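Novice: prediction below, plus the sequence it came from.
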Amino acid sequence: MQNAFPVPQDGMLAKFRRLLPYLWEERGRLSLIILLSAVASALTVLAPWPLKILVDVALGDTDLDGWRAAFVDPEHGRTRLVVACGVATALLMVLTTLVGNALSWLWASSGHRMLYAFASDLFDRIQRLSLLFHFRQSSGDLLSRITGDSWAVYSMASQLLVTPVRQILTIIGVGATAIMLSPLLTALIFVLAPLMVWSVRRFGQPIRERAQGQRQTEAALASFAQQTLSNMPLVQVFGLSQRNTRAIRALGDRLVTASQQLVIANDGYTLVNNLALATGASLVLFVGAQQVLAGDLSVGSLLIFMAYVESLREALASLLSGYGQLRTIEASADRVLEVVDARNDVPDRPNAPPLRLSHPQGADITFDGVSFTYEPERPALHEVSLEIAAGETLALVGPTGAGKSTLAALLPRFFDPQSGEVRIDGQRLPDVALASLRAQVSIVLQEPFLLPLSIAENIAFGRPDATENEIRAAAQAANADAFIEALPDGYDSVIGERGMTLSGGQRQRISIARALAKDTPILIFDEPTSAVDPETEAQILEAMSRLLEGRTTVIIAHRLSTIERADRVAFLEDGRIVELGTHEQLQRLGGRMARFQSLQGMALHGGDDG
Ligand SMILES: Nc1ncnc2c1ncn2[C@@H]1O[C@H](COP(=O)(O)OP(=O)(O)OP(=O)(O)O)[C@@H](O)[C@H]1O
């Protein structure tokens, strides 16, 4: 499928800068997160200190800035200091947990708020893009951009702001405290830590690759299952169930292998991680012990260093892994910014006036030298000119691919012609507010479109303020009231709920009722070709006649019975109107339309109610 997006050219930082407004919206919470991160870093630095004081002062003989004198009283020996160290350790642990919880809570709420604000803006943007864009872009791809790639804004805040602030503060705090205790050991851990992190990262790479492999297999399995489930009639008629089950099992086997490989890679990573930590810790222990023996370092300070080795390794690893994820985040940012930057083919001019209609019934429609092309080399419409008078019903007839749907789609501005213009009551469509134009147009599609809502809601779709009586009146006029009333929940029956399904003819009558309820002066009707029984067809035709009254209707007609109801017929071939007139005129002319009709005789007459 052709991609509807231009290739993004910006650098990584420029892309991230464009997502900053979403972070700015959360500035209050983010500031609090940064403040709490500083507290968390301070707690990490303080955590091993009670142990040092316990070892050096309470158990040993060092007098640390008068601590010994203050806490070790001659009466109770060292007990008071031991208790104080125990309480301090417990307090630090509780505080660390509480601050960690507060941080998780704050980040969960503001991170997700940013994510959903961004995803809903993206969804809104996608809904406004022209149908041309949607023809070119698969809905699955757009869905993955909304639900998957919009996480870029969350990950960006996390990896470029929240994590680095916390880890850099920890590194500074740990580094400064360590230098005060022993510059030599500090130098050693600062040289060792990046090496330890590098070795861990080096062996961590296969995990990412294997995790990706596992996700791809999972996605293939889900997509295969989804395709199978949505094509059940085909699966059953062609007896594909066994073949499909074999394919699912094969995918399942691949998934098992991928999961095993991931576990092996994870175990290997943990092993390297622990080896790296053990090497670093034993080197610090060795050099530190020499210093203790030489009287240059206390035992408690050595214990602090041992704790700091782990804290530093953790902080650096987290910083580097965030850095490693930047490319992935950038790839997602690209995909969401592509949607943000996608050119809107049907721009809505700011401050455009609303469409003003000048007839009591319907509106004059003019197609003036309109050309349109989906793909450059295959024009779908060639300089089509056509006038439709207010209140007239015009049937568009022609072979498949002639351009009937394309011509009709220009009216609600699903897309704009590349040349020529469309006017309603003399006003060029791009000159009026898009919403006001679409408010005057109803569509009944060949494939009736119903949402999993109640029948009443489906009818009132284009006019949410319709009263119960108006909904019922529309259903009655569409010959739908009787079958709706016969349903267990009547108008409150929800489509698709508890197996509630409707026949093609019933669905069609609901979509006619919807158009009647919207009650617009302009109607586009794509006539259903599906074979319905003569009684249902007669009911649809009768409902359709009521629908056409007092409106300007463009009807893509496939049946003789419909063509005969139209005031005029435009016969299209290869994107051109080749004949135009009343049905009788075109019959008498004995030209393309008459020939087409006689060739299509069976289809045109087959469903006719006459
Ligand atoms: N989404 C699209 N992308 C590319 N080309 C398209 C697209 N839709 C239609 N076309 C092409 O434009 C031309 C006109 O198509 P259109 O659907 O308007 O014809 P139609 O007369 O309504 O046909 P049908 O009766 O089969 O619905 C055809 O050549 C078709 O292949």
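Specialist: Received the coordinates, thanks.

Novice: quick one: name the residues of this structure near the ligand.
Specialist: The interface of the chain toward the ligand, taken as C-beta under 6 Å from any ligand atom, is made up of 135, 374-375, 378, 380, 398, 400-406. Heads up, the C-betas are built off the backbone N, CA and C, glycines and all.

Novice: among those residues, name the buried ones.
Specialist: Taking 16 or more other C-beta atoms under 10 Å as the criterion, what is buried in these is 380, 398, 402, 403, 404, 405, 406.

Novice: is it correct that the second one is in contact with residue 596?
Specialist: Yes. At 7.3 Å, residue 398 and residue 596 qualify as touching, with contact defined as C-beta atoms under 8 Å.

Novice: any shared contact partners between those two?
Specialist: Residues touching both residue 398 and residue 596 by C-beta atoms under 8 Å, 6 or more residues apart in numbering: residue 571.

Novice: hang on, residue 394 in a helix?
Specialist: No. Counting by DSSP: H, G, I helix; E, B strand; the rest coil, residue 394 is located in no helix; its state is strand.

Novice: how about it, what does it touch?
Specialist: Residue 394 makes contact with 386, 388, 553, 554, 555, 566, 567, 568, 569, 570 under the criterion C-beta under 8 Å, 6+ apart.

Novice: tell me the one among those residues nearest to residue 525.
Specialist: Distance from residue 525 was checked for each of those by C-beta to C-beta. The minimum falls on residue 555, at 4.3 Å.

Novice: that closest one contacts residue 393, correct?
Specialist: Yes. Contact criterion C-beta under 8 Å: residue 555 and residue 393 qualify, at 6.2 Å.

Novice: for the chain, what spans make up the strands?
Specialist: 365-375, 378-388, 393-397, 419-424, 427-428, 441-444, 522-526, 552-556, 568-573, 576-581 (DSSP state E).

Novice: other SSEs contacting the shortest one?
Specialist: What it means is strand 427-428. Helices and strands touching strand 427-428, as assessed by 3 or more C-beta pairs under 8 Å, 6 or more residues apart in numbering; DSSP states H and E, are absent.

Novice: what lines up beside it in the sheet?
Specialist: Taking DSSP bridges as the criterion, strand 427-428 sits next to strand 419-424 (antiparallel) in its sheet.

Novice: can you check the first one too?
Specialist: Listed by DSSP bridges, the sheet partners of strand 365-375 and their directions read strand 378-388 (antiparallel), strand 419-424 (antiparallel).

Novice: redo those as CSV? Include mean pLDDT.
Specialist: Formatted as CSV, the strands paired with strand 365-375 follow (pLDDT from 0 to 100):
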stretch, mean pLDDT
strand 378-388, 92
strand 419-424, 95
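
Novice: give me the phi and psi angles of residue 129.
Specialist: The phi and psi values for residue 129, taken as degrees, to the nearest 10, are phi -70, psi 150.

Novice: what number of residues are in the vicinity of it?
Specialist: Here the number of neighbours of residue 129 (other C-beta atoms under 10 Å) works out to 18.

Novice: so what pLDDT did it get?
Specialist: In this prediction, residue 129 carries a pLDDT score of 86.

Novice: ok, so what distance separates it from residue 122?
Specialist: Here the distance between residue 129 and residue 122 works out to 11 Å (C-beta to C-beta, to the nearest Å).

Novice: so where's the chain shaky on pLDDT?
Specialist: Low-confidence regions of the chain, defined here as pLDDT under 70, cover residues 1-10, 62-78, 196, 199-201, 203-205, 208, 324, 497-500, 528-534, 601-610.

Novice: pick out the residue nearest the middle of it.
Specialist: residue 146 (1.5 Å; C-alpha atoms, centre = their mean).

Novice: that one contacts residue 126, correct?
Specialist: Yes. At 7.1 Å, residue 146 and residue 126 qualify as touching, with contact defined as C-beta under 8 Å.

Novice: ok and the residue in the stretch 201-350 of the chain nearest the ligand?
Specialist: Ranking the residues of the stretch 201-350 of the chain by distance to the ligand (C-beta to the nearest ligand atom) places residue 345 first, at 12.7 Å.

Novice: need the overlap of contacts for residue 555 and residue 393.
Specialist: 548, 566.

Novice: tell me what the longest helix seen in the chain is packed against?
Specialist: Looking across the chain with DSSP state H, the single longest helix is helix 241-293. Using 3+ C-beta pairs under 8 Å, 6+ apart as the contact criterion, the secondary-structure elements in contact with helix 241-293 are helix 183-230, helix 299-341.

Novice: and among the ones you listed, the most buried is which?
Specialist: Between the helices and strands packed on helix 241-293, helix 299-341 has the highest mean count of neighbours, a mean of 19, where neighbours are mean count of other C-beta atoms under 10 Å.

Novice: next, the angle from that helix to helix 183-230.
Specialist: Going by axes from the mean of the first three to the mean of the last three C-alpha atoms, to 10 degrees, helix 299-341 is angled at 40 degrees with respect to helix 183-230.

Novice: and helix 299-341, what does it pack against?
Specialist: In terms of contacts (3+ C-beta pairs under 8 Å, 6+ apart), helix 299-341 is packed against helix 12-25, helix 49-53, helix 79-128, helix 151-157, helix 163-181, helix 183-230, helix 241-293.

Novice: most neighbours per residue, which of these?
Specialist: helix 151-157 (a mean of 23).

Novice: one step back: any chance of the helices and strands packed on helix 241-293 in a markdown table, plus distance to residue 575?
Specialist: Written out in a markdown table, the entries for the helices and strands packed on helix 241-293 read as follows (distance: least, C-beta to C-beta, whole Å):
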| stretch | distance to residue 575 |
| --- | --- |
| helix 183-230 | 33 |
| helix 299-341 | 31 |
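
Novice: for residue 590, which of these is the nearest?
Specialist: Distances from residue 590 to each of the helices and strands packed on helix 241-293 were compared using C-beta to C-beta; the shortest belongs to helix 183-230, at 46.2 Å.

Novice: what's the offset of that closest one from the middle of its chain?
Specialist: Relative to the chain's own centre, helix 183-230 is displaced by 25 Å; criterion: C-alpha atoms, centre = their mean, to the nearest Å.

Novice: show me the contacts for residue 417.
Specialist: Applying C-beta under 8 Å, 6+ apart, one finds that residue 417 lies in contact with 370, 371, 372, 381, 410.

Novice: now these: which count as buried?
Specialist: Applying a neighbour-count criterion of 16+ other C-beta under 10 Å, the buried members of the contacts of residue 417 are 370, 372, 381, 410.

Novice: what's the most distant pair in those residues?
Specialist: With distance counted by C-beta to C-beta, no two of the buried ones among the contacts of residue 417 lie farther apart than 381 and 410, which are 8.1 Å apart.

Novice: anything in contact with each of the two?
Specialist: Contacts common to residue 381 and residue 410, judged by C-beta under 8 Å, 6+ apart, are 370, 372, 417.

Novice: returning to that earlier point: and the two most separated of the contacts of residue 417?
Specialist: Of all pairs drawn from the contacts of residue 417, the widest gap by C-beta to C-beta lies between 371 and 410 and measures 10.6 Å.

Novice: how many neighbours does residue 237 have?
Specialist: Applying other C-beta under 10 Å, we find 8 residues neighbouring residue 237.

Novice: OK, contacts around it?
Specialist: Residue 237 is in contact with no residue at all, counting by C-beta under 8 Å, 6+ apart.

Novice: now residue 387. Nearest residue, chain neighbours left out?
Specialist: Leaving aside its chain neighbours, residue 387 sits nearest to residue 366 (5.5 Å; criterion: C-beta to C-beta, 6 or more residues apart in numbering).
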